[in-house]
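Trainee: quick one: sequence plus predicted model below, questions after.
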Amino acid sequence: MTLPADRADRLDALRGLAIVWMALFHFSFDLNHFGWIRQDFYRDPVWTWQRVGIVSLFLFCAGAGQALAVQAGQGAWRFWRRWGQVAACAALVSIGSANMFPNSWISFGVLHGMAVMLLLLRLGLARLPQAVLLGLAVLAIAAPRLVQSPLFDTRWTNWVGLVTHKPITEDYVPVLPWLGVMLLGFIVTRARPALWAGAAPRPLAVLGRWSLSFYMVHQPVLIGALMAVQFLR
């Protein structure tokens, strides 16, 4: 299987690696949900730090991809088409999670966060010089530790990230601090676009190219398979 000439294979492969890591993480989470293993995915650093790593890889790759798109002169139509796909999938995640986890449904997870951050990046931040962007990235990452307010603790405002406590939800990726990670991907790639030139493991690159589709189908498939196994036991 060949990849389009305008793809950066190494960036796609890094995104593909994040996809594989995420699938393994979610498979473990599902095993725990069905009671086949006993793990604390909400407090055990073994799992919480894995989640940080996975989300960081996805957002870093998203920022890097936007830097390459801006450099290549990507038209508005292609950006808005992709953004619409991300936003629509975010809405589907909210609907699906409300059915499965009514008390902890996802109101602002990784796709919601990515949709908002992509808007901020492409509609304004991408025009700023590197030094300013780097300062904003550092500030974004540090902000939730420096500023917290109960005003941001509701479902209507916690998307900002300046909460006094993490909301009860199955996924939470607010703009702060995660915008800083996306900005770092953009900054690094704008400075060194050749970083992503060259060959990469083809299976990971192909998987990375279809990351959004994989993200949307992998959990229903995993959960469906585990339910079938549980039914047949």
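Mentor: Looks like it came in fine.

Trainee: low-confidence regions, the protein specifically.
Mentor: Applying pLDDT under 70 to the chain picks out residues 1-6.

Trainee: longest helix anywhere in it?
Mentor: When the chain is parsed with DSSP state H, its longest helix is helix 45-71.

Trainee: packing partners for it?
Mentor: If you count contacts as 3 or more CB pairs under 8 Å, 6 or more residues apart in numbering; DSSP states H and E, helix 45-71 packs onto helix 9-33, helix 110-122, helix 175-191. (Each C-beta comes from the backbone N, C-alpha and C, glycine too.)

Trainee: redo these as TSV? Include mean neighbour count.
Mentor: TSV is the format used below for the helices and strands packed on helix 45-71 (neighbours: other CB atoms under 10 Å):
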stretch	mean neighbour count
helix 9-33	19
helix 110-122	21
helix 175-191	22
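
Trainee: got the ones you listed as a markdown table, with distance to residue 211 columns?
Mentor: As requested, the helices and strands packed on helix 45-71 are arranged in a markdown table below (distance: least, CB to CB, whole Å):
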| stretch | distance to residue 211 |
| --- | --- |
| helix 9-33 | 5 |
| helix 110-122 | 11 |
| helix 175-191 | 14 |
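
Trainee: from residue 119, how far out is residue 69?
Mentor: 14 Å (CB to CB, to the nearest Å).

Trainee: over to residue 188?
Mentor: 21 Å.

Trainee: what do you get for residue 130?
Mentor: For residue 130, the distance to residue 119 - CB to CB - is 21 Å.

Trainee: quick one, what contacts residue 70?
Mentor: Contacts for residue 70 (CB atoms under 8 Å, 6 or more residues apart in numbering) come out as 122, 126, 190.

Trainee: list the contacts for the residue lying closest to the last one once chain neighbours are set aside?
Mentor: Nearest in space to residue 190, with sequence neighbours left out and distances taken as CB to CB, 6 or more residues apart in numbering, is residue 67 at 4.4 Å. Residues in contact with residue 67, defined by CB under 8 Å, 6+ apart, are 126, 185-190, 193.
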